[in-house]
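Colleague: Dropping a prediction and its sequence here:
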Amino acid sequence: MFKKITIFSIICILSFTLVSGLPVYAKTQSQIKQELSDSQDKEKDAKADYEAKKKKEAQIEAEIKTLEKTIAATEDELKTLESEISANNAKIEEIEIEIAAMEANVQRQNEDLSARLRMMYESGDGSLVEVLLGSESINDFLGGLDIVKKIHAYDMEVLDDLNAQLAKIEEKKAELDAIKNELKANQDKQIQKRESLASDKKKLVAAEAQAHKETVEAQEDYEAAQKASDALESELRSFRSKNEWAGTVVIGNGRLGWPCSGRITSEYGYRTRPNYGYTQLHSGIDIAVPTGTPIRAAESGVVYSAGWKGSYGNCVIIDHGNMEGKSITTLYGHNSSLAVSVGQSVTRGQVIAYAGSTGNSTGPHCHFEVRVTGVAQNPRGWL
């Protein structure tokens, strides 16, 4: 009885030990992929929103710069107008002095005429004096044709001169008013324009501040979305790394392990070459990974080639010998740097290089090929 209990206890302990030694994941690979896809969609939307708000802010900044140029031009126009006003003020002052002199001359001539009329009155020519003194204005005086005929030729010249000077005074006053009104209208117009532009700028500055705030918020959202996607990508790579090297992820015959974990950007088969535009057999698969990502040997073997290899860039080729009666080699292209040399023995999962974008490449990735007796085959049939 004691032996049975002891054996049972040992079995339970061993079972627990074996189970606890297995990797446990709260999420499956499919769940992580789905979360990553959702996160990348959000990241894409956040990026579009950020770029739109950034563009809007730039447009407002451009409008402000244009408006500032208009304001500067308006200020220059006001300065020019002020200069014109100063020049015209001097002209106005000259006209006012001229008017004052003309009015003084009229006053003097009028006084001289009045003195002569008093003399005529004292000399007995009372009828003419009475008519003149009874007139309300010079025009009334000139209207009396009978009286005018009695005035001496010199007096007629004096009255004509007075009348001409009065007309000239009125002309000068009208000219003066026109100049003042024009200057005042132009000045008011420019001041109104300046105030309107200042108001527009104030609104644009407020809009720019709001746009900048929204841009910063959108940028923070975009960066947060990027971090979320990066975290999920890291989680997915970690999941794949822990499972793939343990042999739990098998899509082909399972003889070879994945050189790295990442998104497949180009499958094996005929395709249009990105950099050239013509159709050609793509003899491997492209796995997108960041520059510097460790690239691991898909199986144990001996390094057949390590160095620059034309369009492959920095490249490693490993000879795995015979597998299932066939000569197998694997190729790892576009590396940023290599970690092995020709003739070196490597083991499955050993770091042999670091990902990059050397040779004919549109971005950092690992180009992985499987060659059977020297002929490239679809790697997915061996992974």
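Modeller: The structure has been received and is ready for your questions.
Colleague: Look up the closest residue to R263, ignoring the ones flanking it.
Modeller: Nearest non-adjacent residue to R263, counting by Cβ to Cβ, 6 or more residues apart in numbering: A288, 4.8 Å away. Heads up, the C-betas are built off the backbone N, CA and C, glycines and all.
Colleague: Report pLDDT for that neighbour.
Modeller: In this model, A288 is scored at 94, pLDDT.
Colleague: same check, this time on the one 5 residues further on
Modeller: Model confidence at T293, given as pLDDT, is 96.
Colleague: shouldn't it be in contact with Y354?
Modeller: Yes. The pair T293 / Y354 is scored as a contact, 6.7 Å apart, by Cβ atoms under 8 Å.
Colleague: Where does pLDDT dip in the stretch 51-200 of the chain?
Modeller: Residues of the stretch 51-200 of the chain meeting the criterion pLDDT under 70: 113, 116-117, 119-156, 158-159.
Colleague: just the helices in it please.
Modeller: Assigned by DSSP state H, counting those that start in this stretch, the helices in the stretch 51-200 of the chain fall at 126-134, 138-143, 145-148, 153-244.
Colleague: ok, the nearest residue to T70 once chain neighbours are set aside - how many residues close by?
Modeller: Distances taken as Cβ to Cβ, 6+ apart place L197 nearest to T70, at 6.1 Å, with adjacent residues excluded. By other Cβ atoms under 10 Å, 18 other residues sit near L197.
Colleague: contacting residues for L197?
Modeller: The contact partners of L197, taken as Cβ atoms under 8 Å, 6 or more residues apart in numbering, are L67, T70, I71, T74.
Colleague: Tabulate those residues (a markdown table), appending neighbour count and distance to I92.
Modeller: Shown next, in a markdown table, are those (neighbours: other Cβ atoms under 10 Å; distance: Cβ to Cβ, whole Å):
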| residue | neighbour count | distance to I92 |
| --- | --- | --- |
| L67 | 17 | 35 |
| T70 | 13 | 31 |
| I71 | 16 | 30 |
| T74 | 17 | 25 |
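Colleague: between these, which is nearest L204?
Modeller: Taking Cβ to Cβ as the measure, L204 sits nearest to L67 out of these, at 6.4 Å.
Colleague: what's the spacing between the residue most central in space within the chain and L67?
Modeller: Nearest to the geometric centre of the chain sits A58, at 3.5 Å (Cα atoms, centre = their mean). Taking Cβ to Cβ, to the nearest Å as the measure, A58 falls 15 Å from L67.
Colleague: just K201 next, same as before
Modeller: The gap separating K201 from L67 is 5 Å, by Cβ to Cβ.
Colleague: neighbours around the residue nearest to R263, how many?
Modeller: A288: 16 neighbours (other Cβ under 10 Å).
Colleague: and what of W258?
Modeller: W258: 22 neighbours (other Cβ under 10 Å).
Colleague: which SS state does it fall under?
Modeller: Assigned with DSSP: H, G, I helix; E, B strand; the rest coil, W258 falls in the coil class.
Colleague: Quick check: phi and psi at it.
Modeller: Taking degrees, to the nearest 10, you get phi -70, psi 140 for the backbone angles of W258.
Colleague: With I264 as the reference, measure out to it.
Modeller: Per Cβ to Cβ, W258 is found 10 Å from I264.
Colleague: Enumerate every residue touching I328.
Modeller: Contacts of I328 (Cβ under 8 Å, 6+ apart): E299, D319, H320, G321, N322, V370, R371, V372, W382.
Colleague: Among the residues you listed, which one has the most neighbours?
Modeller: Neighbour-wise, the contacts of I328 (other Cβ under 10 Å) top out at V370, 27 neighbours.
Colleague: Quick check: beta-bridge partners of that one?
Modeller: For V370, the beta-bridge partners are T330, Q377 (DSSP bridges).
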